[in-house]
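Dropping the sequence and predicted coords here.
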Amino acid sequence: MDIKLNLVPPQRKREIKRSYLLRVLARWQMEIFLILLIFLALLWHISYVLKVETASSLQQTEMSRQSFSYKDMQDYKEKIKNANTEISDIKKIQKGQIYWSELLDKINQIIFTGIKIDSLGTKNYQVFLTGVADNRDNLVRFKEKLTEESCFSEVDFPLANLMNKENLSFQMQFSVKEECVKIIK
């Protein structure tokens, strides 16, 4: 059997109990503070990792956008270059194109009743014309109008065309100026 003697006064017992509770409380506070400190460090680390990952992801996204836009820009640049080449080729073709309709329009403005054109041939800005005139005066007037026209030069009108007085078959040759049958822009 154990006998316990309580020799500590009650005041001292309370002080010991309080100091014990204070130590336990301080210990708990320290443990909670350390747990909170570890938790905050963990949160800060997670936040830092997320920021780095987000920045890396944004940089990759931006690089992929730039590479896509760069690729698209290269494609568009190539398409524009091809279109410009085609337009340039078309302009060259149009610039060298001879519009004989302009010649026909000029002759149509000159011709009048009494003159009938049977055939019209061209070669290197030379025009060969055959037809029938009702009378000699109409044919001479037609020749004069051709000579007066600024687009025509070197009108070759053989005198054999004037042999008859009426129903004259004629042929003539003249040169057409290049600027009159080409559209220059």
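Thanks, I have it.

Could you find the closest non-adjacent residue to Phe170?
Asn161 (4.0 Å; Cβ to Cβ, 6 or more residues apart in numbering). Any C-beta I mention is one placed from the backbone N, CA and C, and that applies to glycine too.

tell me the centre residue of the chain?
Ile80 (4.9 Å; Cα atoms, centre = their mean).

tell me the SS of the closest residue in space to Asn167 that isn't next to it in sequence?
Among residues not flanking Asn167 along the chain, Val132 sits closest, at 6.4 Å (Cβ to Cβ, 6+ apart). Under DSSP: H, G, I helix; E, B strand; the rest coil, Val132 falls in the strand class.

For Val132, list the residues it contacts.
115-116, 118, 167-170 (Cβ atoms under 8 Å, 6 or more residues apart in numbering).

Give the buried residues for stretch 112-121.
For stretch 112-121, a neighbour-count test (16 or more other Cβ atoms under 10 Å) marks Ile115 as buried.

who's in contact with it?
Contacts of stretch 112-121 (Cβ under 8 Å, 6+ apart): 104, 107, 111, 127-135, 138-139, 141-142.

hmm, back to that, test for you: state the pLDDT assigned to the residue nearest to Phe170.
For Asn161, the pLDDT comes out at 73.

Tell me the first helix or strand C-terminal of the longest helix along the chain.
As assigned by DSSP state H, the longest helix anywhere in the chain is helix 10-96. The helix or strand immediately downstream of helix 10-96 is helix 100-110, counting by DSSP states H and E.

got the CA coordinates for the very next helix or strand once past that next one in PDB?
Note on helix 100-110: by DSSP H and E, the next helix or strand toward the C-terminus is strand 115-123. Output of strand 115-123 as PDB, limited to C-alpha atoms (Å, rounded to 0.1, in the frame of the first residue of the first chain):
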ATOM      1  CA  ILE A 115     -19.700  52.500-150.600                       C
ATOM      2  CA  LYS A 116     -19.800  48.800-149.800                       C
ATOM      3  CA  ILE A 117     -16.800  47.000-148.400                       C
ATOM      4  CA  ASP A 118     -16.500  43.300-149.500                       C
ATOM      5  CA  SER A 119     -13.400  42.300-147.600                       C
ATOM      6  CA  LEU A 120     -10.900  43.700-145.100                       C
ATOM      7  CA  GLY A 121      -7.600  42.100-144.300                       C
ATOM      8  CA  THR A 122      -4.800  43.200-141.900                       C
ATOM      9  CA  LYS A 123      -1.200  42.400-141.500                       C
END
